[in-house]
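Novice: turn this into a structure:
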Amino acid sequence: MPKLSLDDFQLQPGQVRMITKDSGQTVQSIEILLGDQTKAEMMINEEENVMNLVVRDTVLTDIPQLQCTVDKTTLRDYISGLTKLYNTLK
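Specialist: Numbering: from 1, shown residues only. The predicted model follows:
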């Protein structure tokens, strides 16, 4: 049986990784590497119907991580803002 090597999937700063299930139909989480050692992860909390956002240092694990819960209205507003920013790019 082939082995999964996570070293083959290391992100570079600015890259995004999407974790899905159901053959890609359902997004479970999205990660973006913001710098050499800072990663943001967004995960759905199905029980509370919210998205959890966590920003952490990937090297210094003793530094407190930043985290918050984002409801659907806030997420919609954020995506709308990102879409407008995206549309201004040439």
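Novice: I44 reaches Q28, doesn't it?
Specialist: Yes - the pair I44 and Q28 qualifies as a contact (C-beta atoms under 8 Å) at a distance of 6.7 Å. Every residue, glycine included, has its C-beta placed from N, CA and C.
Novice: ok, these two, which is more surrounded?
Specialist: I44 (15 against 12; other C-beta atoms under 10 Å).
Novice: how far away is the more buried one from Q15?
Specialist: 21 Å (C-beta to C-beta, to the nearest Å).
Novice: separation between the nearest residue to N45 once chain neighbours are set aside and M18?
Specialist: Among residues not flanking N45 along the chain, N52 sits closest, at 5.3 Å (C-beta to C-beta, 6 or more residues apart in numbering). Remark: distance between N52 and M18 (C-beta to C-beta) = 16 Å.
Novice: please identify which of the two sits among more neighbours.
Specialist: N52 (15 against 12).
Novice: tell me the contacts of the more buried one?
Specialist: M42, M43, I44, N45, Q67, C68, T69, V70 (C-beta atoms under 8 Å, 6 or more residues apart in numbering).
Novice: what residues sit buried inside the helix or strand encompassing it?
Specialist: Assigned by DSSP states H and E, N52 belongs to strand 50-57. Using 16 or more other C-beta atoms under 10 Å as the test for burial, strand 50-57 gives V50, M51, L53, R56.
Novice: one more: stretch 27-41?
Specialist: For stretch 27-41, using 16+ other C-beta under 10 Å, the buried residues are I30, E31, I32, L33, T38, K39, E41.
Novice: which two among these are spaced furthest apart?
Specialist: Greatest spacing in these, by C-beta to C-beta: I30 and T38 (15.2 Å).
Novice: could you report the pLDDT at K90?
Specialist: Note on K90: pLDDT of 82.
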